[in-house]
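1. A structural model of the following input is requested.
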Amino acid sequence: MASDKRHDETASGLDAAQRTTLAGNLAAEAADISTAIEADPRAEVKLPKRELLAVFLAQTTLFMALVVPTAFSLAIKIGAIDPAGRDLSLALAVGVGGTVIIFTNPVLAIMSDRTRSRFGRRRPWFLLGLVLGLLGSAIVGFGTVSAVLIAGWAVAIVGYTLSAGMLLTYLGDRLPEQQRGKVMGVIGAISQIGPILGIALAGSFANDLTMMFVLPAIVAFVGPLWFAVTMKDSQFTGEIPPLQLGQLARGFYFNPRRHSNYGWVIVSKFFIYASLAFTSIYGVYLLQGRLGLDVAEVSSLVALIGLGGVVTAIVGAIGAGWLSDKLHSRKPFLVVSALLLVVSPITVGLSTSVLEYAIAALIGTLAIGIYGSVDQALALDTLPSEENENGRYLAIFGLANAVPQAAGPFAAAGVLALFGGDYSWVYFVAGGFAFLAALAILPISVGRRAQLSTTSIVTAK
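-> Down below sits the predicted model:
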């Protein structure tokens, strides 16, 4: 009581000038806080359902055209026009396109950070990607020699990865932390569902090698237009320093000591996608050679497994994304998914029946669903967003799958040649890469143990 009385006396003892000054200081601090909140467009403002639906549709249709050629339709077409050299030609088609995007994606992402268009920073590049994807896929569809297919797919994959990268960067710009696990969980599921729908669509044109590429490309052009029109991509009015060659080069590197968590996320993703690059390239030829299936049977089997994969991918992606938000922890899910990706390719390599192959494939879709959602949520958690270069950092993040996509096909062809054309060894090596990915997750210190919110730990200046 005495202390309360003294407090009241002290407060009442403030003269009018002191009270005015105190009120002014409080008002100024409140204004500063309000300004800081307004300056961050993601500050606890959830993306509306209508906008998210447009994002999900864009992701679905983009992945129908992006993933299906490397996993299915390129192998079918190259096998038809170059049966003798199909192993090398397929590796070249996938590898050359993957090599090109290593250099184009970071540069174009930095250019998007610098874009002052009244249509926004990300939208113009997103639309450019759609046009390039459609053009490149048409070249592949109408091509009749391997060289044309290789060139056409290089154009197409630049376009599709540009649009997909702009979509992810847009989410990095606007998606609040409390939505990341759930939204990226759905994105992870869609990343599995889109290719399955694409394979079903392309497989229905197994006897028409042109429409196998052109029709999914048309869908991938039309589907994302709703997102392109409705995205809240306001014009960037901040200061942009003069463009120099050194600034473009920054799109390929960052300081891993300063942002160590982000660095380990990238290392883990690199090994995961090295594993996926090995497992995705020769699946059609393994089914034809070991199990004696023809093109129609392969497309039917892949589509059927894909339907089951929809369930496992949704369970893995949405379930893991939701739980990782609830538990405030991403690492356990990533470790489990990486270990499942060890089991899946090794089982494929040892399979001698359609049933064994199908079980292994479903384990893989479950694992990829888990990894895809939590990995992207973790990338946004550790993104150095305070530097206002989300395009640059997410382009570097994209290199973690672009580099394996480029080098993986050539390495897989080398492993195949080394072991006398035995496709099993390609899958065994893939399992080894997935195990390295699991090890790379362990040093990451985010979530409940680190009590982080949205940015990575700064370990060194």
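2. Just after the longest helix along the chain, pick out the following helix or strand.
-> Longest helix in the chain by number of residues, with DSSP state H as the criterion: helix 295-327. On the C-terminal side of helix 295-327, the nearest following helix or strand under DSSP states H and E is helix 331-350.
3. Work out the gap between the helix or strand following that following helix and the centre of the chain.
-> Once the chain leaves helix 331-350, the next helix or strand it forms, by DSSP H and E, is helix 354-382. Using CA atoms, centre = their mean, to the nearest Å, we find the averaged C-alpha position of helix 354-382 to lie 12 Å away from the chain's own average C-alpha position.
4. Buried residues, helix 354-382. List them.
-> 357-382 (16 or more other CB atoms under 10 Å). Using the backbone N, CA and C atoms, a C-beta is placed for each residue, glycine as well.
5. before we move on, the earlier item: starting at the chain centroid, how far to the longest helix of the chain?
-> Between the centre of helix 295-327 and the centre of its host chain there is 16 Å, according to CA atoms, centre = their mean.
6. Can you list the helices and strands that that helix packs against?
-> Judged by 3 or more CB pairs under 8 Å, 6 or more residues apart in numbering; DSSP states H and E, helix 295-327 is in contact with helix 74-81, helix 177-203, helix 283-291, helix 331-350, helix 354-382.
7. can the ones you listed go into a markdown table with extra columns for distance to residue 318 and mean pLDDT?
-> Putting the helices and strands packed on helix 295-327 into a markdown table (distance: least, CB to CB, whole Å; pLDDT from 0 to 100) gives the following:
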| stretch | distance to residue 318 | mean pLDDT |
| --- | --- | --- |
| helix 74-81 | 30 | 89 |
| helix 177-203 | 4 | 76 |
| helix 283-291 | 25 | 88 |
| helix 331-350 | 12 | 90 |
| helix 354-382 | 7 | 82 |
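8. could you dump those helices to TSV with distance to residue 152?
-> Conversion of these to TSV gives the following (distance: least, CB to CB, whole Å):
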stretch	distance to residue 152
helix 74-81	10
helix 177-203	15
helix 283-291	19
helix 331-350	29
helix 354-382	27
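9. nearest to residue 416, of the ones you listed?
-> Evaluated over those, closeness to residue 416 peaks at helix 283-291, with 9.5 Å, by CB to CB.
10. Can you give me the buried ones in that closest one?
-> If you call a residue buried by 16+ other CB under 10 Å, then helix 283-291 has these buried ones: 283, 284, 285, 286, 287, 288, 291.
11. And stretch 128-141, by the same measure?
-> 128, 129, 130, 132, 133, 134, 136, 137, 138, 139, 140, 141.
12. And those, which two are furthest apart?
-> Looking at the buried residues of stretch 128-141 by CB to CB, the two members farthest from one another are 128 and 141, with 20.4 Å of separation.
13. Tell me how many other residues surround residue 112.
-> The number of residues packed around residue 112, counting by other CB atoms under 10 Å, is 27.
14. what helix or strand is it on?
-> When secondary structure is defined using DSSP H and E, the element that contains residue 112 is helix 86-113.
15. what residue ranges in the stretch 101-250 of the chain score low on pLDDT?
-> Segments of the stretch 101-250 of the chain classed as low confidence (criterion: pLDDT under 70) are 188, 192, 237-250.
16. Which parts of it are helices?
-> In the stretch 101-250 of the chain, helices defined by DSSP state H, counting those that start in this stretch lie at 123-142, 146-174, 177-203, 211-222, 225-230, 245-249, listed in chain order.
17. Show me which positions of the third one end up buried.
-> Residues of helix 177-203 classed as buried: 177, 179-203 (neighbour count, 16+ other CB under 10 Å).
18. Good, we can wrap up now.
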